[in-house]
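1. test case, fold it:
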Amino acid sequence: MTDVAPVIKYLGSKRLLVEHIVSLCTALRPQGGSVLDLFSGTSRVGHALKRAGFGVYANDHNSYAHTLAMCYIQAHAPEIERDALSIIDQLNAISPRDGAFTETYCRQSRYFTPENGARIEAMREHIETLDLSPELRAVVLTSLLEGADRVDSTTGVQMAYLKSWAPRALRPIELRLPAILPHPEGQPCRAFNLEAIDAAHGISADIAYLDPPYNQHSYLGNYHVWETLVRWDLPETYGVACKRIDCRQRKSDFNSKPRIERAMREVIDAVDARTLILSFNDEGYLSREQIGEMLDAFGPVAIIDHDHPRYVGCRIGIHNQRGEKVGRVGRVRNTEHFFIAGEGAERFIEIQRPAAVAV
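-> Modelled structure (predicted):
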């Protein structure tokens, strides 16, 4: 079993902050307990909390994120690892199959070379023929998704692809066993595929961790290829980026400046936890003061600010839909606001000051 954290390239990833988040939860609950990760994304945070001994409830409304959570949170390594390795070996040996996926994402667009696209397609078709438990299926799909991520030709998001092949895209795809973990003794670990408001209403935990979308950038739009790879529905697409047609239809209120405040208030009010930790970026639609006011009813509120580099794709520069660099980003660092509200927050109030993260 590997102990490497989930490694998919991801906008808003807490790679540089995950240790801080775990330390906050450990300080709040030194005896352990349960954490609800309401917007789980890659499950990097949930995976680290599970490894630290917490029970984790991971939720995300996108199918690819739910698959990652099924792999990294709900799957129990001792029950899965041997069968997953066997299937991954089969997939690595499979012959290419050039079909609709390869045509869309390797010729109409250039996310992968046609050679890798045909191998991805053959692997995914084979997975579809297997009768697997939900957890084993998720581990195998995560292996494929992460393997594809290692040979893609983007700056890290699927709004566009590079005009010339990235060096990594020319390597043949190879699948590896994801870093699945055993469940902490006596702690539940579950993955849910719900809207945030429904998960907040339906799941109780000692700590609720919220890391919602904060501006116009849609995770479905940025990772639509992963959504298709998991769903395997080969949907109608549009535009140079060949986005799924439902990117136009499945809109989150958290990506809307007029609607985000109401959505945030509703979710905060619905949370059933002793303590709430909320992570929000200073590029977001809501201010530090607005969120602090929303949390007042939850109990004492502490706010800790962390300075850190912006997402690597932003630091590379601004690119058009053909992957051509057309501009520079004005800022290369962000401030992440961590709000701690409710039971235990008072111990952090005295350190409400900016703190730099070592990178």
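2. alpha carbons only: can I get the host helix or strand of Val22 in PDB?
-> In the assignment (DSSP states H and E), Val22 maps to helix 18-28. The C-alpha trace of helix 18-28 is given here as PDB (Å, rounded to 0.1, in the frame of the first residue of the first chain):
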ATOM      1  CA  VAL A  18      -3.500  20.200   4.100                       C
ATOM      2  CA  GLU A  19      -1.100  19.800   7.100                       C
ATOM      3  CA  HIS A  20      -2.500  23.000   8.600                       C
ATOM      4  CA  ILE A  21      -6.100  21.800   8.200                       C
ATOM      5  CA  VAL A  22      -5.300  18.500   9.900                       C
ATOM      6  CA  SER A  23      -3.500  20.300  12.700                       C
ATOM      7  CA  LEU A  24      -6.600  22.500  13.200                       C
ATOM      8  CA  CYS A  25      -8.800  19.400  13.400                       C
ATOM      9  CA  THR A  26      -6.400  17.600  15.800                       C
ATOM     10  CA  ALA A  27      -6.200  20.700  18.100                       C
ATOM     11  CA  LEU A  28     -10.000  20.900  18.100                       C
END
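3. so for it, mean pLDDT?
-> Average pLDDT, helix 18-28: 95.
4. what's the end-to-end length of stretch 281-295?
-> 16 Å (Cα to Cα, to the nearest Å).
5. going forward, begin numbering at 22 instead of 1
-> Right, with 22 as the first residue, what we last looked at is stretch 302-316.
6. so where is this protein shaky, pLDDT-wise?
-> Scanning the chain for pLDDT under 70 picks out 22-26, 28, 31-35, 329-354, 371-380.
7. can you give me the strands in it?
-> 55-58, 76-80, 210-213, 225-231, 258-259, 264-265, 293-302, 322-330, 339-340, 346-348, 354-363, 375-377 (DSSP state E).
8. just checking, Ala220 touches Arg211?
-> No: look at Ala220 against Arg211 with Cβ atoms under 8 Å: they stay out of range, at 10.7 Å. Any C-beta I mention is one placed from the backbone N, CA and C, and that applies to glycine too.
9. mutual contacts of the two, please.
-> Tyr78 (Cβ atoms under 8 Å, 6 or more residues apart in numbering).
10. out of those two, which sits in the more crowded spot?
-> Ala220 (25 against 16; other Cβ atoms under 10 Å).
11. once you drop chain neighbours, what's closest to the more buried one?
-> Asn80 (4.1 Å; Cβ to Cβ, 6 or more residues apart in numbering).
12. what about that neighbour, how many residues nearby?
-> Using other Cβ under 10 Å: Asn80 sits among 26 other residues.
13. buried stuff in stretch 357-367?
-> 357-366 (16 or more other Cβ atoms under 10 Å).
14. so which two of the residues you listed are the farthest from each other?
-> By the measure Cβ to Cβ, Glu357 and Glu364 form the most distant pair in those, at 22.5 Å.
15. didn't Arg118 look like it was pressed against Ala139?
-> Yes: in this structure Arg118 lies within contact range of Ala139 using Cβ under 8 Å: 5.9 Å.
16. who has more neighbours out of those two?
-> Between Arg118 and Ala139, counted using other Cβ under 10 Å, Ala139 has the larger neighbour count: 20 against 17.
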